[in-house]
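Peer 1: My questions concern the predicted model and sequence given below.
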Amino acid sequence: MANYLIANCQFGRANIIKQNKRPFESVQEMNAEMIARWNSVVTDEDTVIHLGNFAWDPSTAEEVLMTLNGKKIYLVPAEHDQAILDMQSKGMLPANVQVANRIFEHSTLNATFAYWPMMEWPLKDKGHYLYYGFYSPKYKPDHKKKMINMACEFWNYTPHKIGNLIKLFGDKDIE
């Protein structure tokens, strides 16, 4: 069982292709390719934390969530997550999906998770990395500041293991 991170998928949002210069011709191609990339690395035994802007509308969110691998999927709400919040309020989320707090810590993973980049975060002074999902070219991953932007645009539209991210940045191995 591994822990994966990804953010800003925005399944079903057609204008995100042009806005963020995504390499897809249509929203259908984008959704299908991002689902395929997710399922190529995530198994049904893994946990995925999605850091904001999951899906544009409830029907797309429901359809995509039913096709994604993952024993547990945590969705951190962001500015374009009304669809998942509506699904949560109506009890429509699949059993393996949970809406998480907008900011939460995981001491075993030595991590704080959020959508928004922050200069300060809980347990920063204890060495916690901040993993966040807000996409902007000016907010690139910066391991020296222990701030890792997990927007899918930076990571080939594919979830990544937290342990591999820590290795990539030269810190201890954490799965």
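Peer 2: Right, received. Where do you want to start? Numbering: from 1, shown residues only.
Peer 1: Return the set of buried residues in stretch 57-75.
Peer 2: Of all the residues in stretch 57-75, those buried under the rule 16 or more other CB atoms under 10 Å are Pro58, Thr60, Ala61, Glu62, Val64, Leu65, Leu68, Asn69, Gly70, Ile73, Tyr74, Leu75. For every residue, glycine as well, the C-beta is placed using N, CA and C.
Peer 1: meant to ask about stretch 44-53, not that
Peer 2: Neighbour-count burial for stretch 44-53, counted by 16+ other CB under 10 Å, picks out Asp46, Thr47, Val48, Ile49, His50, Leu51, Gly52, Asn53.
Peer 1: How far does that stretch sit from its chain's centre?
Peer 2: Relative to its chain's centre, stretch 44-53 lies at 6 Å (CA atoms, centre = their mean, to the nearest Å).
Peer 1: and the end-to-end length of that stretch?
Peer 2: With CA to CA, to the nearest Å as the measure, stretch 44-53 spans 22 Å from end to end.
Peer 1: Identify the residues contacting that stretch?
Peer 2: 1-10, 38, 42, 68-81, 100, 113-115, 131-135, 150, 159 (CB atoms under 8 Å, 6 or more residues apart in numbering).
Peer 1: Show me those that map onto strands.
Peer 2: Residues from these lying in strands, with DSSP state E as the criterion: 3-6, 72-76, 113-114, 131-132.
Peer 1: Now distance to Ile17 too, for the residues you listed, in a markdown table please.
Peer 2: Below are the ones in strands among the contacts of stretch 44-53 laid out as a markdown table (distance: CB to CB, whole Å):
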| residue | distance to Ile17 |
| --- | --- |
| Asn3 | 29 |
| Tyr4 | 23 |
| Leu5 | 22 |
| Ile6 | 17 |
| Lys72 | 29 |
| Ile73 | 23 |
| Tyr74 | 26 |
| Leu75 | 22 |
| Val76 | 23 |
| Phe113 | 26 |
| Ala114 | 25 |
| Tyr131 | 25 |
| Tyr132 | 22 |
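Peer 1: a helix runs through His50, doesn't it?
Peer 2: No. Residue assignment for His50, taken from DSSP: H, G, I helix; E, B strand; the rest coil, gives strand, which places it outside any helix.
Peer 1: Quick check: phi and psi at Ala111.
Peer 2: Backbone torsions for Ala111, taken as degrees, to the nearest 10, come to phi -140, psi 150.
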